[in-house]
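Visitor: build me a model from this:
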Amino acid sequence: MRIKVLLLVLALMMAFSAMNFAVAQDAPAITPVACEEPGALTMWVWDENWATIIGEAINEWTTDYCPGATVDLQVQPWSNYWDLLRTNVAGGDMPDVFNMSQTNVGFYQENAALLDLQPYLDAAGIDSSVWGSGMVDPYRSGEEGDLYALPVNWDTIAIYYNKDMFDAAGLEYPTAEWTWDDFAADAEALTDADAGVYGAAAYSEYQAGWPNWVAATGVEPVIASDHTTCTLTEPGSIEGLSFLKGLLDAGYMPTISDLGGSSADDAFNAWLAGRVAMVTGGSWKLPAALESAEFNWDVVQLPRNPETGRSRSIVHSVGYVAAASTDAPDLAANLVIFLGSDAGQRYFAEAGGVAPAAPSQQQTWIDAFDTDTVNIQTFVDALQDSQGVTVFDEVWNIGNTELPVNIFDLGMSVEEATALGCEAVDSAIAGM
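Guide: Coordinates of the predicted model:
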């Protein structure tokens with residue numbers, strides 16, 4: 001029986017690897033189309049830098065794809081953005097096109113405030129699977145899973161590891177095929193209690209921490225995507241959290257107090273300081289690692305669950321959406337498609353910083369880091385079998401702070417902490 005299980009796991013691992021390679025190499029182009037009739041649109045973004053980049057893309061749209069169209073591009077600061085949008089939903093005076101986040105989209109879906117983009121994608125011959133599951137699944141709605149947002153950018157999670165520590169311990173560097181068992185063995189070998197060095201820190205926060213391990217079991221962390229069911233007490237959640245707590249209890253990972261705080265920044269800073277050999281971290285940490293790490297290091301995909309064979313990163317992607325109430329739905333959808341296309345995404349890729357959603361532009365993003373010692377492709381590879389963000393404001397702190405503090409600092413059992421977490425999630429659902 002053990003041999004059969006191992007063969008099944010190997011087959012799954014090979015299948016997922018083949019799928020990732022095929023998508024990366026053969027992804028169809030995301031091609032913009034000319035608008036049928038120009039007009040005037042308003043658009044909101046929350047970031048000044050993004051406004052500059054998006055403004056350049058819009059200039060190409062109005063020149064090459066929709067001559068005569070105009071876009072009033074407005075920056076509404078993050079501190080006011082969501083309050084203003086919600087107010088405008090109630091008042092029926094929304095911008096035609098605006099940015100959306102996976103953590104906030106549920107409110108707008110439930111209030112039928114977003115334009116269904118699926119008919120426009122179908123007409124343009126755009127296959128939404130080109131973006132990978134985690135980037136777009138939270139933006140789907142309805143029985144057919146129609147897409148209501150096109151992704152702007154993304155960030156994924158990988159393991160940052162100290163190569164010097166691996167060398168000193170006589171360990172081989174991890175590969176994309178390593179498993180939870182390999183990770184645990186490496187964490188043990190890299191732990192030096194006398195020197196105050198831990199093998200790993202892999203649980204902090206929602207996106208960069210413990211939910212990645214739960215997602216590898218096939219369970220949506222904290223809450224199901226339909227926003228009606230707490231998933232913390234499901235077997236996959238218990239499995240992922242128990243694995244991590246086992247490493248903590250064995251002394252291979254520090255407590256939150258040992259790290260100095262519950263944020264992913266605290267864990268990452270401990271890695272930079274040489275106190276932790278391996279840490280889960282987001283692609284957004286690459287500039288800090290390249291600038292501040294005083295040791296040899298690299299990144300590798302999250303280890304694979306030994307039963308499912310899956311390595312699953314939590315991915316968050318900002319989206320472009322159009323208002324259901326817009327007076328120019330065809331024009332708004334045309335602009336959204338252009339901004340999400342290879343042509344529109346080129347501006348984000350060339351600007352550096354955030355990773356562009358269009359697969360054709362991701363190599364430009366990788367090249368912008370100008371390094372041949374760090375496998376930045378790792379973060380791109382993590383996109384395909386990824387888990388989008390399903391939590392929202394009312395349950396965010398439960399998974400982001402309360403649950404990890406209870407388990408990884410206060411010593412609460414996984415069963416007790418998850419039961420308590422589900423009580424809070426259920427209460428939040430009932431209050432919506």
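
Visitor: can you list the low-confidence ranges for the stretch 301-432 of the chain?
Guide: Under the criterion of pLDDT under 70, none of the stretch 301-432 of the chain is flagged as low confidence.

Visitor: show me the helices in it, by range?
Guide: Listed in chain order, the helices of the stretch 301-432 of the chain (DSSP state H, counting those that start in this stretch) span residues 329-340, 342-351, 362-367, 377-381, 393-397, 403-408, 414-430.

Visitor: make TSV out of these and add mean neighbour count.
Guide: Using the backbone N, CA and C atoms, a C-beta is placed for each residue, glycine as well. Listed next are these as TSV, based on neighbours: other CB atoms under 10 Å:
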stretch	mean neighbour count
helix 329-340	24
helix 342-351	21
helix 362-367	18
helix 377-381	21
helix 393-397	17
helix 403-408	24
helix 414-430	17
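
Visitor: can you list the ones you listed in a markdown table and add distance to residue 68?
Guide: Putting the helices of the stretch 301-432 of the chain into a markdown table (distance: least, CB to CB, whole Å) gives the following:
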| stretch | distance to residue 68 |
| --- | --- |
| helix 329-340 | 11 |
| helix 342-351 | 18 |
| helix 362-367 | 30 |
| helix 377-381 | 37 |
| helix 393-397 | 40 |
| helix 403-408 | 53 |
| helix 414-430 | 47 |
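
Visitor: for the ones you listed, which one sits closest to residue 281?
Guide: Distance to residue 281, taken as CB to CB, is lowest for helix 377-381 among those, at 10.0 Å.

Visitor: okay, that closest one in CSV with CA atoms only?
Guide: What follows is helix 377-381 as a C-alpha-only set of coordinates in CSV (Å, rounded to 0.1, in the frame of the first residue of the first chain):
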residue,chain,number,x,y,z
GLN,A,377,11.1,32.5,-11.6
THR,A,378,10.1,30.6,-8.4
PHE,A,379,7.4,33.2,-7.7
VAL,A,380,6.0,33.0,-11.3
ASP,A,381,5.9,29.2,-11.1
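
Visitor: elements contacting it?
Guide: Packing partners of helix 377-381 (3 or more CB pairs under 8 Å, 6 or more residues apart in numbering; DSSP states H and E): helix 2-26, strand 297-300, helix 362-367.

Visitor: which one of the ones you listed has the poorest average confidence?
Guide: Averaging pLDDT over each of these singles out helix 2-26 as the lowest, with a mean of 38.

Visitor: next SSE after that one?
Guide: Using DSSP states H and E, the next helix or strand after helix 2-26 towards the C-terminus is strand 40-45.

Visitor: and that following strand, how far out from the chain's middle?
Guide: Between the mean C-alpha location of strand 40-45 and the chain-wide mean there is a distance of 26 Å, by CA atoms, centre = their mean, to the nearest Å.

Visitor: contacts for the particular helix or strand that has residue 237 in it next, please.
Guide: Assigned by DSSP H and E, residue 237 belongs to helix 235-249. Residues from elsewhere that reach helix 235-249, judged by CB atoms under 8 Å, 6 or more residues apart in numbering: 180, 184, 187, 199-200, 202-203, 210-211, 213-219, 221, 231, 253-255, 407-408, 414-415, 417-418.

Visitor: quickly note the distance from the spatially most central residue of the chain to residue 103.
Guide: Centroid-nearest residue in the chain: residue 315, 1.3 Å away (criterion: CA atoms, centre = their mean). For residue 315, the distance to residue 103 (CB to CB, to the nearest Å) stands at 13 Å.

Visitor: ok, residue 229 - how many residues close by?
Guide: When counting by other CB atoms under 10 Å, one arrives at 14 neighbours for residue 229.

Visitor: wait, what's in contact with it?
Guide: For residue 229, the residues meeting the contact criterion (CB under 8 Å, 6+ apart) are residue 223.

Visitor: what's the pLDDT at it?
Guide: So residue 229 comes in at 95 (pLDDT).

Visitor: from residue 429, how far out is it?
Guide: As for residue 229, its distance to residue 429 is 8 Å (criterion: CB to CB).

Visitor: what residues are shared contacts of the two?
Guide: What both residue 229 and residue 429 touch, as defined by CB under 8 Å, 6+ apart, is the set residue 223.

Visitor: quickly list what the closest residue to residue 48 other than its chain neighbours is bridged to.
Guide: Nearest residue to residue 48 in three dimensions, chain neighbours excluded: residue 75, at 5.5 Å (CB to CB, 6 or more residues apart in numbering). When bridges are taken as DSSP bridges, the partners of residue 75 come out as residue 45.

Visitor: surely residue 75 meets residue 49?
Guide: No: with contact defined as CB atoms under 8 Å, residue 75 does not reach residue 49; the gap is 9.7 Å.

Visitor: those two: who's more crowded?
Guide: The neighbour comparison of residue 75 against residue 49 (other CB under 10 Å) goes to residue 75, with 15 against 12.

Visitor: state the distance from the more buried one to residue 81.
Guide: Going from residue 75 to residue 81 by CB to CB gives 9 Å.

Visitor: between those two, which contacts overlap?
Guide: With contacts defined as CB under 8 Å, 6+ apart, the residues adjacent to both residue 75 and residue 81 are 44, 46.

Visitor: about what we covered before: shared neighbours, residue 315 and residue 103?
Guide: Any residue near both residue 315 and residue 103 by CB under 8 Å, 6+ apart counts here, and that gives residue 389.

Visitor: all set now, cheers.
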